[in-house]
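1. Next one to model:
(one chain, ligands or ions: 1)
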Amino acid sequence: MPSFRKQTDIIENDMVLGEDWVPEDLPEREAELSQMYEALSPATRGFTPDNMFLYGKAGQGKTAATRYALNDLQLFFEDEMDEDLTPVYVSCNELTSSYQVTGQLLVELDEDITERPNGHAPDILYSRLFGHLDEIGGTIVIVFDEIDAIGDDDQILYQIPRAHSNGKLEEAKVSFVGISNDFSFRDNLSPKVKDTLYDYVIDFPSYDSQQLRDILKRRAEIALADDVLDDGVIELCSAYAAKDEGSARQAINHLYKASKMAQTDGDHVVTTDHVETAHDILKRNHVMEGIRGLTPQNKYVLTAVTLLEVREETPARTGEVYPVYREIAESVGSEPLVQRRMRDHLQELSLHGQIALTSQSGGVKGGTYYVAELNTGLEATITVLSEIDEAMHEVAEDIRAIADMKGML
Ligand SMILES: Nc1ncnc2c1ncn2[C@@H]1O[C@H](COP(=O)(O)OP(=O)(O)OP(=O)(O)O)[C@@H](O)[C@H]1O
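-> Prediction:
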């Protein structure tokens, strides 16, 4: 049973290590910020700022830079301008159409609207949106995070820049910042949207290990007590993040988790051992999140590959995975797919990173074929599979028993 015990004072400010903290300084993003300031600068002369798209992998400071620039512009407006600057942040995650994004914008702008409107004609929704924006007035910058979720349904990116000339907006000067991890999104916009946008496209290249170290040092100075980090802690957190995607979020999470562990253990110093353990936990959480998001069929196919793994029968060909998958699907009361469809699921799992598919040539008939093996931690995978439901729990625990017996865990 857990119990409370006296903790040491390693972390002085948890919020500084949290996701919403906006850093006071982003020296690694000076070049990107200066392009962003250029795009926003028309606002300081009373004109509509230019639209922009920010691209880069996860944790590269796109959101932090946007908040930083807009906070700064807001201060400028307070001191120098007769009108307000209003930033509006919308997460487009899971919003797959311009209609849904417009609905979400209405929810953000109007406190009386608690649910995204549904069933109205798009024009009505746009009129309501522009009516609200005009009521707010001044300069408004809408930040669309994960804008690529809308796919090719990109009307909203046409509506905003054209709203004045189409007579839909009278007062407010509105532009947007689109944030995305998908580099091809801007190129794949419809020609109508591309023609309308006067935009900046700003790339955020991935941080290297040295940059991640600098980011961590600055963060540790504000968040942690003095002299609580052992030699090598910052370096190890940065190295783990750099080895993956160079995400500052990942580096900060390693430091935060390791510091929390040291603190709850009653230690006075964070050591590289704490970082190693933090890394294992974060990696495991990541595996778990990935598996939880899979469809049931994907999970059965993954279970089959996991069983083959503990039987030491991987890498396995599709034809070898299939009977195992079939038996698992049937044992949990699900209709098995035909082999060809199951192969599609193997491919999906390989795209998501849970299994590795390697092509091999030769075989009886010649040509190439694929072999599959597990690409995630065995124990974490079995644990998540066992949490799906009662039937899967039994299957997964049988797999765990074999792995245990063979000393694989
Ligand atoms: N140059 C930097 N200096 C200090 N902190 C940074 C820097 N870059 C990123 N961070 C921090 O890293 C974390 C992730 O950054 P942010 O959310 O801006 O990434 P992002 O590129 O928007 O990622 P995503 O696409 O996943 O949303 C935040 O806590 C942010 O404050």
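2. Residue 356 should be in a strand, yeah?
-> Yes. Applying DSSP: H, G, I helix; E, B strand; the rest coil, one finds residue 356 inside a strand.
3. Report the separation between the spatially closest residue to it that is not a sequence neighbour and the ligand.
-> Using C-beta to C-beta, 6 or more residues apart in numbering and skipping the chain neighbours, the partner closest in space to residue 356 is residue 375 (4.2 Å). For every residue, glycine as well, the C-beta is placed using N, CA and C. According to C-beta to the nearest ligand atom, to the nearest Å, residue 375 and the ligand sit 22 Å apart.
4. quick thing: my sequence starts at 126, can you match it?
-> Okay, residue one is now 126; in that scheme the one you just asked about reads as residue 500.
5. List phi and psi for residue 500.
-> phi -120, psi 0 (degrees, to the nearest 10).
6. Run through the residues of the stretch 126-275 of the chain sitting next to the ligand.
-> By C-beta under 6 Å from any ligand atom, the residues of the stretch 126-275 of the chain that approach the ligand are 144, 146, 148, 151, 153-154, 181, 183-189.
7. Check those for the minimum pLDDT and say which it is.
-> When those are compared by pLDDT, residue 144 scores lowest at 82.
8. before we move on, what SS does it have?
-> Residue 144 ends up coil, using three-state DSSP.
9. my read: it touches residue 374, true?
-> Yes. Between residue 144 and residue 374 a contact is recorded at 7.4 Å, counting by C-beta atoms under 8 Å.
10. Those two: which is more packed in?
-> residue 374 (16 against 10; other C-beta atoms under 10 Å).
11. show me the contacts for that one.
-> 144, 183-184 (C-beta atoms under 8 Å, 6 or more residues apart in numbering).
12. Repeat that for residue 247.
-> 223-224, 227, 280.
13. Kindly report the same for residue 161.
-> Counting by C-beta under 8 Å, 6+ apart, residue 161 touches 177, 179, 190-191, 194, 325, 327.
14. Which residue would be the closest one in this protein to the ligand?
-> Closest residue of the chain to the ligand, C-beta to the nearest ligand atom: residue 186 (2.8 Å).
15. hang on, the earlier thing: what's around the residue nearest to residue 481, how many residues?
-> 16.
16. Likewise for residue 343?
-> There are 15 residues near residue 343, going by other C-beta under 10 Å.
17. Give me the neighbour count for the residue lying closest to it once chain neighbours are set aside.
-> What sits nearest to residue 343 in space, not counting adjacent residues and going by C-beta to C-beta, 6+ apart, is residue 150, at 6.7 Å. Counted with other C-beta under 10 Å, residues neighbouring residue 150 total 10.
18. residues touching the closest residue to residue 408 other than its chain neighbours, list them.
-> Leaving aside its sequence neighbours, residue 408 sits nearest to residue 502 (C-beta to C-beta, 6+ apart; 6.8 Å). By C-beta under 8 Å, 6+ apart, residue 502 lies in contact with 408-409, 412.
19. Residue 427 contacts residue 473, correct?
-> No. Checked against C-beta under 8 Å, the pair residue 427 and residue 473 is beyond contact range at 10.0 Å.
20. ok, these two, which is more surrounded?
-> With neighbours defined as other C-beta under 10 Å, residue 427 and residue 473 compare such that residue 427 has more, 27 against 17.
21. Model confidence score at the more buried one, please.
-> Residue 427 is given a pLDDT of 97.
22. same thing with residue 325?
-> On the pLDDT scale, residue 325 gets 90.
23. Who is it paired with across the strands?
-> residue 177 (DSSP bridges).
24. Tell me how far it lies from residue 193.
-> 16 Å (C-beta to C-beta, to the nearest Å).
25. try residue 218
-> Distance from residue 218 to residue 193, by C-beta to C-beta: 22 Å.
26. And these two? Which one has more around it.
-> Legend: neighbour count by other C-beta under 10 Å for residue 218 and residue 193, higher for residue 193 (19 against 8).
27. mind checking how far the residue nearest the centre of the chain is from residue 315?
-> Taking C-alpha atoms, centre = their mean as the criterion, residue 183 is the residue nearest the geometric centre of the chain, at 5.8 Å. Distance, residue 183 to residue 315, by C-beta to C-beta: 26 Å.
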